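> Make a model of this:
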Amino acid sequence: MVTMTTANVRQDVSIQDLLEAGLHFGHRTKRWNPKMRKYLFGQKNGIYIIDLEQTLDNLQKARQFIYDTVARGRQILFVGTKKQAQEALKTIASQTKQPYVVNRWLGGTLTNNETLRKSIARMRDIEQMEKDGSINALPKKEVAKIRHELKKLQFNLSGIADMQGNPGALFVVDVNCEAIAVAEANRLNIPVIALVDANVNPDPIDYPIPANDDAIRGIKLIADLVGITIQQAMAEYSKIAAEEARKRAAEEAAAAAKAKVEKEVREKEKAEKATELARLKAEKAAKAKADKEAAAAAKAEADAQAAAEAAPKAEEAAPEAPKAE
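Numbering: from 1, shown residues only. As a prediction, the model looks like this:
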């Protein structure tokens, strides 16, 4: 795992930029959530005006969190199924190679990963059948049915087919529309970054960005800024990951060299021990041989001495021959 101290994200947007993108317009005063009161500047012509100073400040905090998350190698899942958000989120997610859901959030996308993986595997299988032409060997009715299934799977899953497990965070446009996605993320303790308009409850959101979530220009502006942040973080992650890989390779090489030296020492000690054992064995054998030879020589000498001592006695004991008359 890559460990690092992340850089600070440069603030490259102004309140004027947010104002021109229409991010200050909230909902009508009849359609508001009192929990958004702290983010509102006031009202004009029956419409709440969002405090863009807080928008700018919270946007900076959210971008810093996104940077830190991506720089650690985690992904950001973009979620925005409303028409105003679809194109902007899909474009940025595709450019930065992040997962996205812009058509329909399937219940259990985060909490029922096993079922999701099975659906993605089925989609891949059908795509492979199309690629190698094996689908054409099936009856026409079955081919039509399978292709309809593939179209439906691609519509719902193409944006998250390559998602590596659960994401590091969600980026959401319109909390009310994506309530199920937010609830699943909250259940799994996945941080949520979201545009919060005057009519939503910001409590479930970890990094709320008070802003008009219906303005196409505004959504595109925020999405572009998030995209820039992700690209910077990915570059930093690649650099740090390369350095970590270099350090790991150096450590592995040092460990291998150390292991080689230790092996050579062990083999040398083993050889020396074998030589010593052979020497001791040879000395023992030589000593045993010498002892045997000495014992044999002593026995032979004893036998010879015994024989020499027995000879005079035998002569004395022998009877004298009778004399001739």
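> ok, longest helix in this structure?
As assigned by DSSP state H, the longest helix anywhere in the chain is helix 216-317.
> by contact count, what packs against that helix?
Where contact means 3 or more CB pairs under 8 Å, 6 or more residues apart in numbering; DSSP states H and E, helix 216-317 is packed against helix 15-20, helix 52-71, strand 76-79, helix 83-95. Every C-beta, even on glycine, is put in place using the N, C-alpha and C of the backbone.
> what comes up buried for the longest one?
Put plainly, it is helix 52-71. Residues of helix 52-71 classed as buried: 52, 54-56, 58-60, 62-71 (neighbour count, 16 or more other CB atoms under 10 Å).
> just for the chain, where's the confidence low?
1-7, 241-242, 313-325 (pLDDT under 70).
> could you measure residue 39 against residue 221, distance?
Relative to residue 221, residue 39 is positioned 18 Å away (criterion: CB to CB, to the nearest Å).
> tell me the contacts of the residue nearest to residue 95 when sequence neighbours are not counted?
Of all residues not flanking residue 95 in the chain, residue 227 sits nearest, at 6.0 Å (CB to CB, 6 or more residues apart in numbering). Residues counted as contacts of residue 227 (CB atoms under 8 Å, 6 or more residues apart in numbering) are 92, 95-96.
> One more: residue 127?
residue 150.
> Could you say which helix or strand holds it?
Here residue 127, judged by DSSP states H and E, is contained in helix 113-132.
> how far out from the middle of the chain is that helix?
Averaging C-alpha positions (CA atoms, centre = their mean, to the nearest Å) puts helix 113-132 23 Å from its chain's average.
> following it, which helix or strand comes up?
helix 140-157.
> contact partners of stretch 168-177?
65-66, 69-70, 72, 74-82, 84-85, 89, 178, 181-182, 185, 190-197, 199-202, 204-206, 213, 219, 226.
> From residue 290, how far off is residue 284?
11 Å.
> ditto for residue 44
Residue 44 sits 119 Å away from residue 290, taking CB to CB as the criterion.
> swap in residue 16?
According to CB to CB, residue 16 stands 109 Å off from residue 290.
> now do residue 251
For residue 251, the distance to residue 290 - CB to CB - is 58 Å.
> nearest spatial neighbour of residue 59, skipping sequence neighbours?
Residue 59's closest residue in space is residue 209 (CB to CB, 6+ apart), at 5.1 Å.
> That neighbour contacts residue 192, correct?
No: contact criterion CB atoms under 8 Å: residue 209 and residue 192 do not qualify, at 11.0 Å.
> Would you mind telling me which of the two has the busier surroundings?
The neighbour comparison of residue 209 against residue 192 (other CB atoms under 10 Å) goes to residue 209, with 29 against 23.
> so what's that one bridging to?
residue 195 (DSSP bridges).
> quick one, what contacts it?
Contacts of residue 209 by CB under 8 Å, 6+ apart are 55, 58-59, 62, 193-196, 222.
> Same check on residue 154?
Shown in contact with residue 154 (CB under 8 Å, 6+ apart): residue 123.
> Against residue 120, how distant is it?
According to CB to CB, residue 154 and residue 120 sit 10 Å apart.
> next one: residue 76
On the measure of CB to CB, residue 76 and residue 120 end up 19 Å apart.
> Also residue 310?
Taken as CB to CB, the span from residue 310 to residue 120 is 109 Å.
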